[in-house]
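Trainee: Build the 3D model from these lines:
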Amino acid sequence: MFSTYDTNHEEFKDLINNFSQELNFPFNEFSIKKEEDEFNSKTARLYYIIDYSDEKKNFLRLFVEILRDKKNGYVKEENYTLNLSFSDSPAQFYFTNKNSPSQLDRWLSHCLNEINEYKRTPFDYYFHNSPYLNYGIDGLSDTTAYLFKIALFGILKTNDAKQVWVAKIQHIRESDLYRSYSYAILPYGIVDWLIFPDAVGLDSGGARGGYESIENSIKEAQKLGEIKIISIKASIEEFKNKFEALYPKDFEPPYRENLYERVIRMKENDAQLAVFFEEIQRIDEEIIKQEYMPALRDMRALIEGLCKYICQINGIQIKSDDPNINHLSSALLEKKIIDYHILPWFNAFNSVANEAAHEIDGSKIFEMEHEIKNDLFETTIKLGHHLILQLFSKV
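Mentor: Okay, the predicted model is just below:
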């Protein structure tokens, strides 16, 4: 059983060493922290936190927790959480395991097997379960190429982090071997991929013009920042299966996920974030009922809680004795956890949500015409959604 590791630290280090070799990460750069404390009056807790990161932006965090009965030493519960990301992919991978009879080394082998499966399927490895938005027009080469250029240069000129992922996806139509391309852009620090579906290619005049325009845009953009290019070969059918929301059936709008669904897809039921997941479910219910005042109040508390949690796990000291969203977001900016361009969004959200929380109408929000007031609330809630997703991407 895994519980033998609580008395044999060297055996645990050997296990992590073997795991690091499988990943091609140098073991001597791993940080292994062992802690023991009281879970409650009857239960003792032992946990390991294993961290790895490098200048290439490979990242690993393994959290191992054992809950044991104080009286007889019986292991009551074992929890494992693994977060992984690799330098050649923007995707983040999360694995959790609770109360499994499997030993830790077997579970880690299972995680590695899953990763290897993802690598064999490029869409899974590079896009994984990330959300995406349609930024092009299927079949319209000039328009799609123009939208691509606007998006790429707009990102580089407005985002402090001059790093962008660009996916170039080649399709070959079986019927006549026609060669076309789809593209996708992922700005650094942004949650959603921007998708430019099949519109440009090599085998017709208009399509080639669009293709050359996009490729020239990428070359010019490399003078402004770091463009990390992903190359994928896939059929049109595979592309449509992966990005099926780009192709609504029967003219129905694509299904739009609520905040809870998007966050769960990002973090895959990370047990350490369970209290935040529960709060998000309540906020979603309030928004569905158009209970905007409680929703804003609860979103404000959630954003404060997430900011404090990020400060805690990064060892950031807060200067204020009673920090609010403005204090916390400024602290995160100072440590470069968040980008400068979203700091005013925290302030804008807080200016409305704070009045909703305290029912103080200093800006006469509650006296506005019903339509204008609802528009303000809906805009602020949309802004809150984006801030929450940004913060979850930093956990």
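Trainee: mind giving me the domain split of this structure?
Mentor: 2-120, 132-251, 259-392 (automatic domain parsing).
Trainee: pLDDT on stretch 206-216, on average?
Mentor: For stretch 206-216, mean pLDDT rounds to 92.
Trainee: what sits up against that stretch?
Mentor: 141-142, 144-146, 148-149, 180-181, 183, 196, 199-202 (CB atoms under 8 Å, 6 or more residues apart in numbering). C-beta coordinates here come from the backbone N, C-alpha and C atoms, glycine included.
Trainee: how about 10 Å then?
Mentor: Contacting residues not belonging to stretch 206-216 are listed as 136, 139-146, 148-149, 152, 166, 168, 178-181, 183, 196, 198-204 [CB atoms under 10 Å, 6 or more residues apart in numbering].
Trainee: those strands in this structure, which residues are they?
Mentor: 31-38, 43-53, 59-69, 75-85, 92-98, 132-134, 163-172, 179-187, 193-201, 226-233 (DSSP state E).
Trainee: got the angle between the first one and strand 43-53?
Mentor: Okay, so that is strand 31-38. Angle between the axes of strand 31-38 and strand 43-53 is 160 degrees (criterion: axes from the mean of the first three to the mean of the last three CA atoms, to 10 degrees).
Trainee: Which strands or helices does strand 31-38 pack on?
Mentor: Packing partners of strand 31-38 (3 or more CB pairs under 10 Å, 6 or more residues apart in numbering; DSSP states H and E): helix 9-23, strand 43-53, strand 59-69.
Trainee: quick one: Lys193 from Glu238, how far?
Mentor: Let me fix one detail, which is that residue 193 is Trp and not Lys. Going from Trp193 to Glu238 by CB to CB, to the nearest Å gives 16 Å.
Trainee: Which one's more surrounded, these two?
Mentor: Per other CB atoms under 10 Å, whichever of Trp193 and Glu238 has more neighbours is Trp193, with 20 against 16.
Trainee: List the beta-bridge partners for the more buried one.
Mentor: Following DSSP bridges, Trp193 is listed with bridge partners Tyr132.
Trainee: list the contacts for it?
Mentor: By CB under 10 Å, 6+ apart, Trp193 lies in contact with 90, 126-127, 130-133, 135, 165, 167, 184-187, 243.
Trainee: Return the members of those classed as buried.
Mentor: The neighbour count (16 or more other CB atoms under 10 Å) marks 90, 126-127, 130, 132, 135, 165, 167, 184-187, 243 as buried among these.
Trainee: which of these lies closest to Leu343?
Mentor: Leu343 has its nearest neighbour among those in Pro187, at 16.8 Å by CB to CB.
Trainee: Contacts only, for that closest one.
Mentor: Contacts for Pro187 were tallied using CB under 10 Å, 6+ apart; they are 90, 151-152, 154-156, 158-159, 161, 163-165, 193-194, 339.
Trainee: Can you select the buried ones from those residues in ChimeraX?
Mentor: Buried subset of the contacts of Pro187, written as a ChimeraX selection, criterion 16+ other CB under 10 Å:
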select :90,151,152,155,156,159,161,163,164,165,193,194,339
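Trainee: which one of the contacts of Pro187 sits closest to Tyr118?
Mentor: Checking these one by one against Tyr118 (CB to CB), the nearest turns out to be Pro90, at 13.0 Å.
Trainee: tell me the contacts of that closest one?
Mentor: Counted by CB under 10 Å, 6+ apart, Pro90 has contacts 57, 126-128, 130, 163-165, 167, 186-188, 193, 228, 230.
Trainee: For Leu273, see how far away it is.
Mentor: 21 Å.
Trainee: And for Asn129?
Mentor: 16 Å.
Trainee: One more: Ala91?
Mentor: According to CB to CB, Ala91 stands 19 Å off from Leu273.
Trainee: list the contacts for the residue lying closest to Asn350 once chain neighbours are set aside?
Mentor: Once flanking residues are discounted, Asn350 sits nearest to Ile325: 4.3 Å by CB to CB, 6 or more residues apart in numbering. Going by CB under 10 Å, 6+ apart, Ile325 touches 300-301, 303-304, 307, 346-347, 349-351, 353-354, 387.
Trainee: Deepest-packed of the helices and strands packed on strand 31-38, please.
Mentor: Comparing these by mean neighbour count (mean count of other CB atoms under 10 Å), strand 59-69 ranks first with a mean of 19.
Trainee: and it, average pLDDT?
Mentor: 88.
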